[in-house]
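Undergrad: Structure of the sequence below:
(2 chains)
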Amino acid sequence: MVALTQGVSVWERHDFGELVYANGYVYQGNWEKGQFHGQGKLIVGSGAAYQGNWVNGSKHGDGVLTAGDTTFRGTWKSNVAEGKGWLLFKIGNFDEVRVECTISNGLVSGNITMLIAGTRVYEGKCSAGRLEGNLSLEKLNFKNSELNQKRHELREKLSKMVYSVPYLPNPDIILDPEQY
Amino acid sequence: MVQRKKSSNKKVYAEAPPGTDYKFVDEIPAHYYPSEELKSIMQMYFATFRPTDLDLTTKDYPILGPLELKSDGAIYLAQFYQGKPHGRGERFASDSYFVGNFNSGKMEPKGVYINYAEKKVYSGQFLDGKLFGIGEMVSANGIYYKGDFTSNKRVGQGFLKFSDISSYNGEFFNDKFHGKGEIIYRDGSSYTGSFRVGKA
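TA: Numbering: from 1, shown residues only, chains lettered A, B, ... in the order given. Modelled structure (predicted):
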């Protein structure tokens, strides 16, 4: 963001509006003092988006982050996912893998519960994205030969979650009031 | 009808219209004329502008001048009717130049106006001596505006184009973006929505 000097007038985005960035990112939602503020949706590239609450340009409060086929619903604090939330993604033929978890520093931490199509496959600890116990996938209709591979996929999925979107510039027209 | 000699500023009447606030002057001071820079902007953007007759009756009114309005020092070269500029004409002042129509002494309803201090050239509608209605305005620094004016200020719908690629199309209030509009920033990003006046 361009440094603002005192006494310079700024054309502020305010209330509702849509900003299309030069790189194709889009923000639709509420604004205050030229920044994302209130409810809004930011679409970053293809398939990645955050929809939820913003405070002074940062993700803050309840929000949903979607990246590819993965969705994280939870709470955010100063742009980082923090606290209780739900992870939803697909694996194999199963459309709905649901993980009830706690996020700390953007990674899954603490006690989590993982359900695949309503069947509980894990209940236990996870530290910084690493599951500490075993996944019980036996109740599901996976082939025996697939089991280890699916376990690996699930562990990978949890460890690779990134709950942030890239930094965005804040375009503004800044003019000396004498100039226009 | 009395013709004024174009080669000089010689008055065409021996005395000012009786019972008026105007007096003849020998010549228009040099600083009452627009600078070459502003004159070239006027010629570049508004070369096609010609003051037209106010109506059929004003066509034959005499062009008088240079006549100075005693109260504010502005000098007129204009058609006069009932002791006031009325019809086509020019107005020279220390801070501005106007060519266009006069109605009972006031700039109205059309003309080109040059503001010396702000280095702006305006072409469009006037009301009671003020920029009022629809007009175009060009600043010496390359900023172009087309849209609504109210009492010399940009108020209402307008389009503002900056000297780079950035532009704004939407509502104005007190010369600033305010309300709904669309903006294109210099980096190529664009915003459609609401604005309000802010201060850094």
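
Undergrad: so who does residue A:29 touch?
TA: A:16-17, A:36, A:38-42, A:54 (Cβ atoms under 8 Å, 6 or more residues apart in numbering or on different chains). In short, each C-beta sits where N, CA and C put it, glycine included.

Undergrad: what about chain B, any weak spots by pLDDT?
TA: Applying pLDDT under 70 to chain B flags residues B:1-19, B:198-200.

Undergrad: For it, what lies in contact range of chain A?
TA: Within chain B, the positions lying close to chain A (Cβ under 8 Å from any Cβ of the partner chain) are B:139, B:141, B:143, B:160, B:162, B:166, B:168, B:175-177, B:183, B:185-200.

Undergrad: how about a cut-off of 6 Å?
TA: By the rule Cβ under 6 Å from any Cβ of the partner chain, the part of chain B lying against chain A is B:141, B:143, B:166, B:177, B:185, B:187-196, B:198, B:200.

Undergrad: Now do the helices in the chain.
TA: Since you didn't name a chain, this refers to chain A. A:144-159 (DSSP state H).

Undergrad: I was after chain B.
TA: Using DSSP H, helices in chain B cover B:36-46.

Undergrad: isn't residue A:50 right up against residue A:64?
TA: No. If you go by Cβ atoms under 6 Å, residue A:50 and residue A:64 don't touch, sitting 7.1 Å apart.

Undergrad: Looking only at neighbour counts, state which of those two leads.
TA: residue A:50 (25 against 16; other Cβ atoms under 10 Å in any protein chain shown).

Undergrad: any idea of the pLDDT on that one?
TA: Per-residue confidence for residue A:50 comes out at a pLDDT of 89.

Undergrad: Counting neighbours, what do you get for residue A:26?
TA: 14.

Undergrad: now residue B:39
TA: 14.

Undergrad: in the sheet, who's paired with the residue sitting nearest the centre point of chain B?
TA: By Cα atoms, centre = their mean, chain B has its centre lying nearest to residue B:113, at 1.9 Å. Per DSSP bridges, the residues bridged to residue B:113 are residue B:98, residue B:122.

Undergrad: Might one say that it is in contact with residue B:121?
TA: No. The pair residue B:113 / residue B:121 is not scored as a contact, 7.4 Å apart, by Cβ under 6 Å.

Undergrad: can you pull the contacts of residue B:142?
TA: residue B:163 (Cβ atoms under 6 Å, 6 or more residues apart in numbering or on different chains).

Undergrad: What's the separation between it and residue A:89?
TA: Distance check for residue B:142 against residue A:89: by Cβ to Cβ, to the nearest Å, it reads 53 Å.
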